[in-house]
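Chemist: here is the input, now give the coordinates:
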Amino acid sequence: MRKYLCSLTDVIFQNPAATDTVKDDHEKQQQNSHVGSNDENIDRGNWTNKREYMLSMIGYAVGLGNVWRFPYLAYKNGGGAFLIPYFIMLIVAGIPLFFLESSFGQFCSQGPVNVWRALPIFQGVGVTMVLVSTLVAIYYNVIIAYSLYYMFASFQSPLPWSDCFYWSNSNCSLTPREVCNVTRDSNWSVPVITANMTLWENGTCPEGNISISVQSPSEQYWDLVALQRSSSLDETGPVVWHLALCLLLGWLLIAAALYKGIKSSGKVVYFTSTFPYVVLLILLIRGVTLEGARDGIEFYIGSQSNLAKLCEAEVWRDAAIQIFYSLSIAWGGVTALSSYNKFHNNVFKDALIVCLTNCGTSVFAGFAIFSILGHMAHVYGKPVSEVAQAGFGLAFIAYPDALSKLPISPLWSILFFFMLLTLGLDSQFAGIEVISTCLQDAFPETFKLKKSIVYVAPCAILFLLGLPCVTQAGIYWVTLIDQFCAGFVLLIAALLELIGVFYIYGGNRFIKDIETMIGTRSSLFWLWWRACWFFISPAIIIVILVWSLLTFSPPSYGTVQYPAWGVALGWCMIAFCLIWIPLIAVWKIRTSQGNPWQRLCAVCSPVESWGPYLEVHHGERYADGRRYYRKNSVHLQDNNVYIIPNNLTRL
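Modeler: Numbers count the residues shown, from 1 in each chain. Just a heads-up that it's a prediction; the model follows:
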């Protein structure tokens, strides 16, 4: 504040040097379209208003997994009973970690790499988050391409997957059943022929013959038309050009929305973050009016809820994993988006709202999905459990099949896939923002007036890297990246994040940092957060990580198993993301001064540039070039046994 008052005084009294300085700052704002007149940070810019930040965070957290993963997990793990471990995990792990990451980014106004100026030895954790977001962005936009293709295909009546048309084969049938592959006896004098017949009355085939499952039109359309799927990962096949064009369109939409960074994406999210709720409400209203909808809802979260499932450890693991993935913890996006907040924004209140909205959306989406799946089960005369599928099967096979049974089916199909498109775009905005923010933080002068480059260039590069995912073996690549990169790496990054911030940087120190932003809170207020950050959340992550490693099974797509080289490649992707953590730690230690212990102490203490981005927010603890805090920390009464003192001068 003193700096700005002095500048204002100099201008009033016609100090030429001061006038030129203010004029230069004004010219910078005029030249940089990524900075608004109301921004307090003229170097990086801020969100235009609080609404745009909240909508962007909600759009980032609420993604495709809320629509196709959560409902499946709920009915698989006891229906309504699953909500008990789900919300417990939200309280003890989800909200604390979300609060941590958003506070971390807002305090220093830096992305997921530069925030580790607070603890240089852990800077590799930030690099890992960026790499994970990059790999996920490659395949996530392929899912957006699937949604675009299906949305365009829905502009037909009847829907192309509503019946066995010219593209189908002999196994296609509108009536789900199994058939027997019957071969005449070779001793007959007539030539040997093969024919199909329905199962015998007892549900079995004649001895010596094979049961063949008949596929629905939507399943064959997904495999034969949309994906043109090959037999395995070994058979790459050519590029599927209609998917490649949809992938290009998806990246063009993202680049256009991010052309001016948060100033342009903040306007787009007014639509993309709210439209999915409109569609879900429409689908729910339509769904509950259909015959059989009650069976679907009861199967999802009603009278068929099984409380006995709570005794199974797997249910609790699924609940915890869903919370981590749904809230996008350890992806770097939460830190990147919050870094554009104004310093005194109430980050605690925001974290609560976003987390509760995200989980509420998951539950709400389940009602919309299962009401229509219940109707589909009624039409087919099958249990709901036999028509509900997980992942891609729910979004691109089961649900499109159900929509094709409704009156005015093209309308409902267009709405559904447009909803998937908007859900995917919101998440991708934040994924690209992670990459762009880190580039701008690393090279601020290079990209200061040409920030559009750091948004457009990554989109172009990632489009090219995504082309293998739209070949005939593309779905196998998508599944491989999803199962490996979005699993163990995130858990390890989240665990190291907690250890680094609360056991080395210092929990009390971090709490004081938060209080400089949101104001002082009582000891009772911090008691719960300390318990979660220091003990509960790390323990949960360790249990999930160990359990996942012990129960690991090689990935597969349906009945197709991955070759050994494919599984090895998956582990190599994990190693590529994690190897930067020890490499950067060793490099930081080697480039420090002093004996080995002094070097270790140096990289386990904040650098001199650590603290609030703007000098006006430094206060006593970060005054005088931010050296006061480090040299006089013993007088600040932090009383934190986890702080490693360091009085060395950083390079």
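
Chemist: distance check, Ala402 against Ala293.
Modeler: Distance from Ala402 to Ala293, counting by C-beta to C-beta, to the nearest Å: 11 Å. In short, each C-beta sits where N, CA and C put it, glycine included.

Chemist: neighbour count: those two, which is higher?
Modeler: Ala402 (28 against 22; other C-beta atoms under 10 Å).

Chemist: following the host helix or strand of the more buried one, which helix or strand shows up next?
Modeler: Element membership for Ala402 (DSSP states H and E) is helix 399-403. The helix or strand immediately downstream of helix 399-403 is helix 409-442, counting by DSSP H and E.

Chemist: how about that next one: buried residues?
Modeler: By 16 or more other C-beta atoms under 10 Å, the buried positions in helix 409-442 come out as 409-410, 412-441.

Chemist: rounded mean pLDDT for that helix, please.
Modeler: The average of the pLDDT scores along helix 409-442 is 91.

Chemist: where along the stretch 151-300 of the chain do the helices fall?
Modeler: 217-220, 241-257, 262-272, 275-288, 293-301 (DSSP state H, counting those that start in this stretch).

Chemist: how about these in a markdown table, adding distance to Glu386 and mean pLDDT?
Modeler: Shown next, in a markdown table, are the helices of the stretch 151-300 of the chain (distance: least, C-beta to C-beta, whole Å; pLDDT from 0 to 100):
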| stretch | distance to Glu386 | mean pLDDT |
| --- | --- | --- |
| helix 217-220 | 13 | 90 |
| helix 241-257 | 29 | 94 |
| helix 262-272 | 34 | 87 |
| helix 275-288 | 18 | 91 |
| helix 293-301 | 11 | 82 |
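
Chemist: which of these sits closest to Gly79?
Modeler: helix 293-301 (5.0 Å; C-beta to C-beta).

Chemist: list the contacts of the closest residue to Leu233 other than its chain neighbours.
Modeler: With C-beta to C-beta, 6 or more residues apart in numbering as the criterion, Leu233 has its nearest non-adjacent residue at 4.2 Å, and that residue is Tyr476. Taking C-beta atoms under 8 Å, 6 or more residues apart in numbering, we find Tyr476 in contact with Ser232, Leu233, Tyr557, Val560, Tyr562, Gly566.

Chemist: do you know the pLDDT at the fourth one?
Modeler: Yep, that's Val560 we're talking about. 87.

Chemist: for Ser371, which non-adjacent residue is closest in space?
Modeler: Counting by C-beta to C-beta, 6+ apart, Ser371 lies nearest to Gly287, which is 3.1 Å off, once chain neighbours are set aside.

Chemist: scratch that, Gly63 is what I was asking about
Modeler: Using C-beta to C-beta, 6+ apart, the nearest residue to Gly63 is Ser427, at 4.2 Å.

Chemist: any idea how far Val130 is from the one you found?
Modeler: For Ser427, the distance to Val130 - C-beta to C-beta - is 16 Å.

Chemist: can you pull up the most central residue in the protein?
Modeler: Closest residue to the average C-alpha location of the chain: Ser328 at 4.4 Å, with C-alpha atoms, centre = their mean.

Chemist: what's the pLDDT at that one?
Modeler: 87.

Chemist: ranges for the helices of the stretch 451-600 of the chain?
Modeler: Going by DSSP H, counting those that start in this stretch, the stretch 451-600 of the chain shows helices at 453-465, 474-485, 488-499, 507-518, 523-531, 537-550, 564-578, 580-590, 596-603.

Chemist: where does pLDDT dip in the chain?
Modeler: Low-confidence segments of the chain (pLDDT under 70): 1-37, 176-213, 303-304, 388-391, 448-449, 624-651.

Chemist: alpha carbons of stretch 457-466, as PDB, please.
Modeler: Output of stretch 457-466 as PDB, limited to C-alpha atoms (Å, rounded to 0.1, in the frame of the first residue of the first chain):
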ATOM      1  CA  ALA A 457       0.500 -23.900 -29.200                       C
ATOM      2  CA  PRO A 458      -0.200 -26.600 -26.500                       C
ATOM      3  CA  CYS A 459      -3.600 -27.300 -28.200                       C
ATOM      4  CA  ALA A 460      -1.900 -27.800 -31.600                       C
ATOM      5  CA  ILE A 461       0.800 -30.100 -30.100                       C
ATOM      6  CA  LEU A 462      -1.700 -32.100 -28.100                       C
ATOM      7  CA  PHE A 463      -3.900 -32.600 -31.200                       C
ATOM      8  CA  LEU A 464      -1.000 -34.200 -33.000                       C
ATOM      9  CA  LEU A 465      -0.200 -36.400 -30.000                       C
ATOM     10  CA  GLY A 466      -3.800 -37.500 -29.800                       C
END
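
Chemist: chain center to that stretch, what's the gap?
Modeler: 18 Å (C-alpha atoms, centre = their mean, to the nearest Å).

Chemist: just stretch 476-492 next, same as before
Modeler: 12 Å.

Chemist: ditto for stretch 508-528
Modeler: 28 Å.

Chemist: buried residues in it, which are they?
Modeler: Buried residues in stretch 508-528 (16+ other C-beta under 10 Å): Asn508, Arg509, Phe510, Ile511, Lys512, Asp513, Ile514, Thr516, Met517, Trp526.

Chemist: same check on stretch 49-67?
Modeler: 52-67.

Chemist: then stretch 272-284?
Modeler: For stretch 272-284, by 16+ other C-beta under 10 Å, it's Thr272, Ser273, Phe275, Pro276, Tyr277, Val279, Leu280, Ile282, Leu283, Leu284.
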